[in-house]
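# let's see this in three dimensions:
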Amino acid sequence: MSETPTTENPDAPDFDAMARDIAEVPAVEVIVTVAVNLMSAAAVKLGLTEEGDVHKDLDEARKLVHALAGLLDAGATEISSFHAAPLRDGLKSLQLAFREASLVPDEPGQGPGEKYTGPVFG
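Numbering: from 1, shown residues only. Below you'll find the model as predicted:
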């Protein structure tokens with residue numbers, strides 16, 4: 001079965017076109033987009049959206065915040081402080097929100113992502 005659209009299956013994904021599209025996107029945009037998606041998902045799992053606690057899941061939020069911190073730690077030198085600074089501020093806000101939402105807060109330095117950022121205090 002072919003993976004590019006054909007007259008037989010016009011709904012099949014065109015992977016060549018997708019690869020060309022991705023090739024045109026600068027790495028900094030990919031890194032920032034992934035970071036923003038992780039932030040948004042973490043905010044939802046922390047119950048920070050209009051729906052509040054409907055989607056709240058601290059276990060999932062911990063994973064997302066930790067992944068975001070790792071990405072920013074690894075990618076900060078690649079994306080410049082212009083892009084990294086607001087992402088770090090957002091990360092710290094999510095870490096503080098996680099600490100506030102936890103019934104039993106983690107010890108300083110043990111919260112999500114604090115392995116990369118160091119302890120986060122309010």
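# what's the longest helix in this structure?
Under DSSP state H, the helix in the chain containing the largest number of residues is helix 58-101.
# tell me which strands and helices it is in contact with?
Contact here means 3 or more C-beta pairs under 8 Å, 6 or more residues apart in numbering; DSSP states H and E; on that basis helix 58-101 packs against helix 27-45, helix 114-117. The way it works is simple: take the backbone N, C-alpha and C, and place the C-beta from them, glycine included.
# what's the closest non-adjacent residue to the spatially most central residue of the chain?
Geometric centre of the chain, nearest residue: residue 38, 1.7 Å, by C-alpha atoms, centre = their mean. For residue 38, ignoring the flanking residues on the chain, the nearest one in space by C-beta to C-beta, 6 or more residues apart in numbering is residue 68 at 4.2 Å.
# okay, now the one you found: neighbour count?
By the criterion of other C-beta atoms under 10 Å, residue 68 has 27 neighbours.
# ok, now residue 114?
Residue 114, neighbours per other C-beta under 10 Å, totals 20.
# now the helices and strands packed on helix 58-101 as CSV including mean pLDDT and distance to residue 61?
As requested, the helices and strands packed on helix 58-101 are exported to CSV (pLDDT from 0 to 100; distance: least, C-beta to C-beta, whole Å):
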stretch, mean pLDDT, distance to residue 61
helix 27-45, 96, 4
helix 114-117, 96, 14
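# and the ones you listed: which comes nearest residue 82?
helix 27-45 (9.5 Å; C-beta to C-beta).
# could I have the CA atoms of that closest one written out in PDB?
Below are the C-alpha coordinates for helix 27-45, written out as PDB (Å, rounded to 0.1, in the frame of the first residue of the first chain):
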ATOM      1  CA  ALA A  27      14.400  24.400  15.000                       C
ATOM      2  CA  VAL A  28      13.700  27.300  17.400                       C
ATOM      3  CA  GLU A  29      10.000  27.300  16.300                       C
ATOM      4  CA  VAL A  30       9.700  23.600  16.700                       C
ATOM      5  CA  ILE A  31      11.200  23.700  20.200                       C
ATOM      6  CA  VAL A  32       9.100  26.700  21.300                       C
ATOM      7  CA  THR A  33       5.900  25.100  19.900                       C
ATOM      8  CA  VAL A  34       6.600  21.800  21.700                       C
ATOM      9  CA  ALA A  35       7.200  23.800  24.900                       C
ATOM     10  CA  VAL A  36       4.000  25.800  24.600                       C
ATOM     11  CA  ASN A  37       2.000  22.600  23.900                       C
ATOM     12  CA  LEU A  38       3.500  21.000  27.100                       C
ATOM     13  CA  MET A  39       2.700  24.100  29.100                       C
ATOM     14  CA  SER A  40      -0.900  24.100  27.800                       C
ATOM     15  CA  ALA A  41      -1.400  20.400  28.600                       C
ATOM     16  CA  ALA A  42       0.100  20.900  32.000                       C
ATOM     17  CA  ALA A  43      -2.200  23.800  32.800                       C
ATOM     18  CA  VAL A  44      -5.200  21.700  31.800                       C
ATOM     19  CA  LYS A  45      -4.000  18.800  34.000                       C
END
